[in-house]
Each structure stands twice: as structure tokens, then as C-alpha cells.
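> Predicted coordinates and the sequence they were generated for:
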Amino acid sequence: MRIGFINPQGNFDRNDSYLTEHPDFGGQLVYVKELALAMARRGVEVDILTRRIEDPDWPEFSAPLDDFGEMSERVRIVRLSFGGNRFLAKEQLWPHLPAFVEAIEQFYDQSEWPAYFTAHYADAAATAAMLHQRRDQRFTFTGHSLGAQKMDKLGVNAANAEAMEARYHFSRRLAAEREGMVLAETVVTSTSEERFGQYGHRLYAGAVDPADDSRFRVIPPGINTRIFNPDLDTDDPDDKAHVLAQLPYPDQPHVVVSSRLDPKKNVAGVVAAFAGSKRLRESARLALFVRGTDDPWTDMGRLGHGEREVLKPILERIEAAGLRDRVHFLNLGSQRQLACAYRVLAHSGSVFALPSLFEPFGLAPIEAAACGLAVAATRNGGPTEIFAGGVGELFDPEDAIDMAAALERALGNQQALAESASKRVAERYTWDRTAQRYLEVIEANLAMPPVTTVSPAQINADLGSRLKDYLDQP
């Protein structure tokens, strides 16, 4: 069986180029890549359908066909030309998705169509919906994150709606998500909280009922246990030397933060909690993983404008608190270096912090836990399910005192928390288990008649009025 993974803004390659350096290059790419490889290990052929880029600034994404360097006989990266040659951020792709659909049709009309598709993120939902309308193609929808929650977090209202729409194209994104929810045979979520909390948002009313068990399947993502594991002996000597060169006190406990420099990731919140807690400052150091620069103090210019805007006040806070000698920045270029750093820091009794204002699931903390780190995480979103019941510490990400207290507790109980978190990850969060559950859903769907076709106009007939009510009554 062949399955097509639709991911127009994925930009995959075997070296994971730019991973975490750009808002379009985050956990969703890891998810799709690892799920595809895990399905391949189960004998499935997988095509990852994404955009071809012929741009000198992004040379890694120009070949029409590529692979990940493993399972290459079963997993193809299929790059299709649409929307011109240059790199485009995901918000700029919306007008070009019909051309993506045509490119998919032309590609498979010359070979053999997949038996099934999976759509990842809203733009993929729009693509899959068009394929469903034009070719009766069947699919699952995995949203990863939803536009309504982003609108909530950004405080979209009647006064700023026009500017927000110009920047984020929320009306198109919501319409695509609703189409995916209606036309997908199964909506896949990572947690029950995501299912009921996010898909139950009033802007999705009429498209899907989160209480309808026939429409949803909760399938947690997993981790690559060949990379993320507690075995120090698996580290490449060069990777370990790279990590230790940036970590002057490897034998001392650290609070570890590995998040993109994005306001919603709230790295500044951890810095505020650390600076405001005498107990934290005396018992641990702070390790901030900032990819793209070896020394943010002198070389911030290598980062993008948005990243610099986030990092500048962080550096100012560190300087004002007199903490430059207790805060260390690590520039890690691969997942293997990341896992190596986690293992080194776990060995010294360190704690991983996930301070996001909201996190739908969060692969980073389970990767860290698999390497032996204790975890303290935001209570907003999926981590509440993953690390509840004594497996980790949870905190309010907008309350620096509460965050500091959780980090202090985690450091004081590091070994027990690390052991319980590692055990839970091994039991529940592996990609092979994720792939098995996806395939169970797909095979069950293929054994049933297709869903009834509904036009996008019908699905979104009342979206305009719902948006107006949302903007008028936030």
C-alpha cells in the first residue's frame, strides 16, 4: 500500500536543513518524517508531497525527488513545482494551493495513485479537500495546530482584524480547517485535550462535533528512540566535543530550554523565573539552545529579524540580573547533537523546561525525557496529559513565580521524575506505535464506503457570521 503525506510547506531533506530555525520548520516536520519512516518499517510505501524550491538561498529543496537516507526504497520526498521558484512562507502559499493540486494530479496520472492520503496542517487540509472533490481521494486530517487558538492567543478583535488577516490569512485558514474536519474520514489529534479543547472552539461549530467518537482518533506522536535514549555510549565523539565546548559546567544541574525564538514559546518567561528565584540561581544554571549563532552576545545578526526581536530583551534581562556567568547558549546543528546535549545534562541532574504559552502536544519534552531529563512544562495544552500523575511538574507559563516553584521542585526530585518520565515515554510515545495506530485507522476506513461529498461552500456557509460574532464578542 502507498500513502501520500500532504505537506505543502514542509521543505524536507535528509539533513533536516533549517529545522527549528524558521516558523515553518518545526515539530510538524519531525512528526511527518518519523511517521513516514515508521510506516515504511511496517512495509508501507510513503510519498511526502511538498513544494519544490529553486532558490539560491534554499538550495537543499531543488531536486524533484529525494529521500531521508534511510528506508529510501519505501519513502520518497516528492517536490512539486507551484507558486514560482522562490521560498514562500506558509502564509503566502494559500493562493497557490490549486496549482499544488494540479501538480499532484499530473504526477500521479503518470504512475499510480496512493491508496490513501494524510493531510498535515491547514494548507494540507485545503489541498486534500480539493483532491477529494476532484478525484474522490480519501484522507485523514492532522491539524497539528489550529487557527482559532492562534487568534485567541494573538488577541484578534474587530480593531486589529484587518491587519491580522493581511498577515495570517485567518479566514482562509479557518475555512480550510473546517473543510478538513468535514471531509476527512478521521480527524487525528495528539491528545484528548486537543480533541475537545481545540476542535470544540466556537469557530469550528457546525463543522465537527468533538464528542463524536466516529470522527476522531487520539494518536500521540512518538520519538526516534535510536537518537533519543539515555545511553551515553551512543554519542559520536565529535557531537560530544561540540556540546562540551559550549557547556562550561557540564557536571552542574541546569534548567534546559530548547524552544524556537518565538513569542508564543515564552523563552523569556523561563529567564524571568530563573532571574527572580534566588533558590534557582544558586542551585542551577540556565542552558538556552539557540540555533544559528554560537554567541548571541556578539553575533545576534546571524538570526532572523523575528528571532532578534525575541532574543534582545532576554539578553537585556540576563545582563540586568547579573547572570551572564550562569546562562549558557548552545548552538546545536542536528538532532543527534541535541540528544547528546540532553544526555550530558541529564547526567548532571538537570531539568527540561517547556514554557510555551500553549503547546498542542510537545515533542521536545518527551525527547528530553527519553534521554533522562526530568520535565517541568506548561499546563496549557497536551503536556497536562503527558506529564500528569507525578511524571513531571506543571506550571502556569504566565506566572514566573509558579514556574520557578515548579522548576525548584523538579530539581529537588530530579531522579524520580526522570525515571517516571522515561518509563512513560517508552510505554506510550514511540513512532512505531504511532504508525501502527494510523494504519489501523486507514485500513478500517478503506474497509468502509467513502464519506458523502459536501461542497466547501456548504461547509463554510456560516463562517462569515461566526467570524463577525467572534470579533464583536471576543
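Happy to help now that I have it.

> Going along the chain, name the strands of the stretch 101-250 of the chain.
Using DSSP state E, counting those that start in this stretch, the strands assigned to the stretch 101-250 of the chain run over residues 116-120, 139-142, 186-189, 216-218.

> and Glu316, which of those is closest to it?
Taking C-beta to C-beta, strand 116-120 is the member of those nearest to Glu316, at 37.4 Å. Using the backbone N, CA and C atoms, a C-beta is placed for each residue, glycine as well.

> list the helices and strands the closest one packs on?
Using 3 or more C-beta pairs under 8 Å, 6 or more residues apart in numbering; DSSP states H and E as the contact test, the elements touching strand 116-120 are strand 2-6, helix 27-41, helix 122-135, strand 139-142, helix 431-446.

> any chance of the ones you listed in a markdown table, plus mean neighbour count?
Listed next are these as a markdown table, based on neighbours: other C-beta atoms under 10 Å:
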| stretch | mean neighbour count |
| --- | --- |
| strand 2-6 | 24 |
| helix 27-41 | 22 |
| helix 122-135 | 24 |
| strand 139-142 | 27 |
| helix 431-446 | 17 |
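
> And those, which one averages the lowest pLDDT?
The minimum mean pLDDT among the helices and strands packed on strand 116-120 belongs to helix 27-41 (a mean of 91).

> for that one, the distance to its chain's centre please.
12 Å (C-alpha atoms, centre = their mean, to the nearest Å).

> Can you show me the CA trace of the following helix or strand past that helix as CSV?
The helix or strand immediately downstream of helix 27-41 is strand 45-51, counting by DSSP states H and E. C-alpha atoms of strand 45-51 as CSV (Å, rounded to 0.1, in the frame of the first residue of the first chain):
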residue,chain,number,x,y,z
GLU,A,45,5.3,2.9,0.7
VAL,A,46,5.1,6.6,1.5
ASP,A,47,5.3,9.8,-0.6
ILE,A,48,5.8,13.1,1.2
LEU,A,49,4.3,15.6,-1.1
THR,A,50,5.7,19.1,-0.7
ARG,A,51,6.9,22.1,-2.7
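
> partners of strand 45-51, with directions?
Here strand 45-51 has these sheet partners by DSSP bridges: strand 2-6 (parallel), strand 75-80 (parallel).

> Among the ones you listed, which comes closest to Glu162?
The nearest among those, by C-beta to C-beta, is strand 2-6 at 30.3 Å.

> Other residues contacting that closest one?
32, 35-36, 39, 44-49, 104, 112, 114-120, 124, 127-128, 139, 442 (C-beta atoms under 8 Å, 6 or more residues apart in numbering).

> Could you name the specific helix or strand carrying Ala287?
Counting by DSSP H and E, Ala287 is part of strand 285-289.

> nearest residue to Gln133 other than its sequence neighbours?
Of all residues not flanking Gln133 in the chain, Thr453 sits nearest, at 6.8 Å (C-beta to C-beta, 6 or more residues apart in numbering).

> correct me, but the one you found touches Leu131?
No: the pair Thr453 / Leu131 is not scored as a contact, 11.9 Å apart, by C-beta atoms under 8 Å.

> what is the closest residue in space to Thr142 that isn't next to it in sequence paired to in the beta sheet?
Among residues not flanking Thr142 along the chain, Val188 sits closest, at 4.4 Å (C-beta to C-beta, 6+ apart). Beta-bridge pairing of Val188 under DSSP bridges involves Thr142, Arg217.

> any idea how far Gly392 is from Val188?
As judged by C-beta to C-beta, to the nearest Å, Val188 and Gly392 stand 24 Å apart.

> ok, these two, which is more surrounded?
Neighbours per residue (other C-beta atoms under 10 Å) separate Val188 from Gly392, with Gly392 holding more: 27 against 24.

> Helix, strand or coil: sort out the closest residue to that one other than its chain neighbours for me.
Nearest non-adjacent residue to Gly392, counting by C-beta to C-beta, 6+ apart: Val375, 4.0 Å away. State at Val375, reduced to three classes by DSSP: H, G, I helix; E, B strand; the rest coil: strand.

> Tell me, what's the model's pLDDT at Val375?
Per-residue confidence (pLDDT) for Val375: 97.

> likewise the one 10 residues further on?
Glu385 is assigned a pLDDT of 85 by the prediction.

> Would you map out the domains in this protein?
What the record gives for the chain is the domain set 2-222+433-472, 232-428, from automatic domain parsing.

> And the first one, end to end?
What that stands for is domain 2-222+433-472. 46 Å (C-alpha to C-alpha, to the nearest Å).

> cool, the last one as well?
Counting by C-alpha to C-alpha, you get 23 Å between the two ends of domain 232-428.

> Centre of the chain to it, how far?
So, by C-alpha atoms, centre = their mean, the centroid of domain 232-428 is 17 Å from its chain's centroid.

> what does the longest one give?
In terms of C-alpha atoms, centre = their mean, the centre of domain 2-222+433-472 is set 13 Å apart from its chain centre.
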